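Enquirer: Here is my input; please provide its structure:
(one chain, ligands or ions: 1)
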Amino acid sequence: MRLAVENLDVSLSGRPVLHGVGLTVEPGEVVGLLGPNGAGKSTLMRALAGQIAASGTMRLGADDLAALPSAARARLLAYLPQSRIIGWRLMVGDLVGLGRLPWRGFGARLRPHDAEIVARALDLMDVAHLAHRPATELSGGEQARVLAARAVAQDTPVLIADEPASGLDPAHQITMMRALARLAGEGRAILVSLHDLTLAARWCDRVVMLKDGRLAAEGAPEAVMTAENLAAIYGVAAHITRDEGGLILAPIGLTDGGAP
Ligand SMILES: Nc1ncnc2c1ncn2[C@@H]1O[C@H](COP(=O)(O)OP(=O)(O)OP(=O)(O)O)[C@@H](O)[C@H]1O
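Expert: Residues are numbered from 1 along each chain as shown. Just a heads-up that it's a prediction; the model follows:
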């Protein structure tokens, strides 16, 4: 299912934050959403998730996203927020099982089909071994993977993940990106915000770069993750090399040479 955003404007507390942003995510694609702190990545995702008001067009396939009832939206689009709050002392397996709520109704038992989807989500995020631990008693990175597994268990055609790799160790950053790529390989449309430039370059089919609430660059990583764009958008000088897996980008300094 195709996600298409056109001309999106968002104001928060009376302050314009997004200005005419447009992007598409096709089924089968991982699209990276990049940009400096405050660029508007989370705001865009929260608008897509229906958490804040926006003007412009947001379409999921033929549907107007803003007009979809929340229950229908939850079967089409899963949203993994940046904040990682686990409010209840639930076992990890049960917490990830909550991802099935849009499909089974509150209080209903997991059917075998639901249990299979939950088991796969636990595996994809490498948290199956934690299934019987209370989620509130895990490390920060473990909790992040558990919450990602819950979003995956929603089993939606579109997944929006806000900085899912932040705070993960290097192996689990790769596990995360590989999981997203696998889900895209099954035909899902994935939008993921990232601060790690190399992860974005190697795992995203396309990247969309925001700056100050505006689209600054969009295209294949090789085409747009250039030294010029990184300087203009992030204010960093980057060492850029490549191998058979794609670009390797290491920010090595600030373009103005001074302190941030
Ligand atoms: N409730 C709010 N009221 C007013 N402005 C807000 C509010 N929430 C966020 N903003 C502003 O909106 C802008 C975009 O914030 P947003 O969280 O979308 O950025 P981001 O690109 O996700 O940044 P980060 O990389 O730090 O997560 C920022 O300038 C922020 O200060």
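Enquirer: Pull out the buried positions in stretch 93-111.
Expert: Buried residues in stretch 93-111, counted by 16 or more other C-beta atoms under 10 Å: G93, L95, V96, G97, G99, R100, L101, P102, W103, L110. Any C-beta I mention is one placed from the backbone N, CA and C, and that applies to glycine too.
Enquirer: For the first one, list the residues it contacts.
Expert: The reference is to G93. V118, L122, A131, H132 (C-beta atoms under 8 Å, 6 or more residues apart in numbering).
Enquirer: State the next helix or strand along the chain beyond the helix or strand harbouring the first one.
Expert: Using DSSP states H and E, the secondary-structure element containing V118 is helix 112-124. Read in the C-terminal direction, the helix or strand following helix 112-124 is helix 140-153, with elements assigned using DSSP H and E.
Enquirer: Not counting sequence-adjacent ones, nearest residue to E142?
Expert: Distances taken as C-beta to C-beta, 6 or more residues apart in numbering place L130 nearest to E142, at 6.2 Å, with adjacent residues excluded.
Enquirer: I'd like to know how many residues surround that neighbour.
Expert: 23 (other C-beta atoms under 10 Å).
Enquirer: How about S139?
Expert: 11.
Enquirer: tell me the SS of S11?
Expert: Counting by DSSP: H, G, I helix; E, B strand; the rest coil, the backbone at S11 sits in strand.
Enquirer: quick one, what contacts L180?
Expert: Going by C-beta under 8 Å, 6+ apart, L180 touches V30, L159, A161, P164, I190, V192, W203.
Enquirer: quick one: secondary structure of whichever residue of the stretch 51-200 of the chain sits closest to the ligand?
Expert: Nearest residue of the stretch 51-200 of the chain to the ligand: Q82, at 5.9 Å (C-beta to the nearest ligand atom). Three-state assignment for Q82 (three-state DSSP): coil.
Enquirer: which residues touch it?
Expert: Q82 is in contact with S42, D162, E163, S166, S193, counting by C-beta under 8 Å, 6+ apart.
Enquirer: Out of those, give me the two with the largest separation.
Expert: Maximum pairwise distance in those, criterion C-beta to C-beta, is 11.9 Å, between S42 and S166.
Enquirer: Filter the contacts of G93 down to just the buried residues.
Expert: Neighbour-count burial (16+ other C-beta under 10 Å) is assigned, among the contacts of G93, to V118, L122, A131.
Enquirer: Excluding chain neighbours, what is closest to the second one?
Expert: Looking back up the chat, that one is L122. Closest to L122 by C-beta to C-beta, 6+ apart is A128, at 4.1 Å.
Enquirer: Return the distance of that neighbour relative to A149.
Expert: For A128, the distance to A149 equals 9 Å [C-beta to C-beta, to the nearest Å].
Enquirer: Look up how far A4 lies from D126.
Expert: Relative to A4, and taking C-beta to C-beta, D126 is found at 33 Å.
Enquirer: just S42 next, same as before
Expert: Distance from S42 to A4, by C-beta to C-beta: 20 Å.
Enquirer: the more surrounded of these two?
Expert: S42 (19 against 16).
Enquirer: returning to what we had before: quick check: nearest residue in space to the residue of the stretch 51-200 of the chain closest to the ligand, chain neighbours excluded?
Expert: Closest to Q82 by C-beta to C-beta, 6+ apart is D162, at 4.1 Å.
Enquirer: List the contacts of that neighbour.
Expert: Per C-beta under 8 Å, 6+ apart, neighbours of D162: K41, S42, M45, Y79, L80, P81, Q82, S193.
Enquirer: Specify the local secondary structure of the fourth one.
Expert: Spelled out, it's Y79. Y79 is classified as strand under three-state DSSP.
Enquirer: Next, count neighbours for it.
Expert: 21.
Enquirer: Now it. Nearest residue, chain neighbours left out?
Expert: Nearest to Y79 is A49, by C-beta to C-beta, 6+ apart, at 3.8 Å.
Enquirer: Please name the residues that touch that neighbour.
Expert: L77, Y79, P81, I160.
Enquirer: Kind regards, and thank you for your time.
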